[in-house]
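Novice: generate coordinates for the sequence data below:
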Amino acid sequence: MLSFIGTLIVGLIVGLIARAIKPGDDRMGWLLTIVLGIAGALIAGYVGRAVGWYEPGEGAGWIASVIGAIVLLLIYGAIARKR
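Specialist: Numbering: from 1, shown residues only. Below is the predicted model:
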């Protein structure tokens, strides 16, 4: 239970940092910000393992997680703009 709460807190922090760095208005609530941060960390970990930066089972670092979340925000903005 404690690791789940920790994951939510880290996801929120990473999501908030990514939203603060990327310019523009990303209209999303707390829940989507948490999901953004968690997904950014997962993507950063996957890419990091694919290129050899991380070992299997090792989590991504803070900077890589924020970069992953920013990439997701850019993709989200491109899709939302087309609608």
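Novice: quick one: secondary structure of the residue positioned nearest the centre of the chain?
Specialist: The centroid of the chain falls nearest to Gly40 when counting by CA atoms, centre = their mean (2.4 Å). At Gly40 the chain is in helix, as set by DSSP: H, G, I helix; E, B strand; the rest coil.
Novice: ok, it to Ser3 distance?
Specialist: Gly40 sits 18 Å away from Ser3, going by CB to CB, to the nearest Å. C-beta coordinates here come from the backbone N, C-alpha and C atoms, glycine included.
Novice: what does Ile79 give?
Specialist: 31 Å.
Novice: what of Gly48?
Specialist: Going from Gly48 to Ser3 by CB to CB gives 20 Å.
Novice: contact partners for the closest residue to Ile34 other than its chain neighbours?
Specialist: Excluding its sequence neighbours, the residue lying closest to Ile34 (CB to CB, 6 or more residues apart in numbering) is Gly11, at 4.3 Å. Gly11 makes contacts with 33-38, 41, as judged by CB atoms under 8 Å, 6 or more residues apart in numbering.
Novice: just Ile67 next, same as before
Specialist: Ile67 sits next to 40, 44 when contact means CB under 8 Å, 6+ apart.
Novice: with the one 4 residues further on instead?
Specialist: Listed by CB under 8 Å, 6+ apart, the contact set of Val71 reads 40, 43.
Novice: name the helix or strand for it, please.
Specialist: helix 62-82 (DSSP states H and E).
Novice: first-to-last residue distance for stretch 43-59?
Specialist: For stretch 43-59, the first-to-last residue distance is 10 Å (CA to CA, to the nearest Å).
Novice: and that stretch, which residues are buried?
Specialist: For stretch 43-59, the neighbour count (16 or more other CB atoms under 10 Å) marks 43-45, 47-48, 54 as buried.
Novice: please compute how far it lies from its chain's middle.
Specialist: 14 Å (CA atoms, centre = their mean, to the nearest Å).
Novice: just the mean pLDDT for it, thanks.
Specialist: For stretch 43-59, mean pLDDT rounds to 83.
Novice: got the contact list for that stretch?
Specialist: 41, 60-61, 64-65, 67-68, 71-72.
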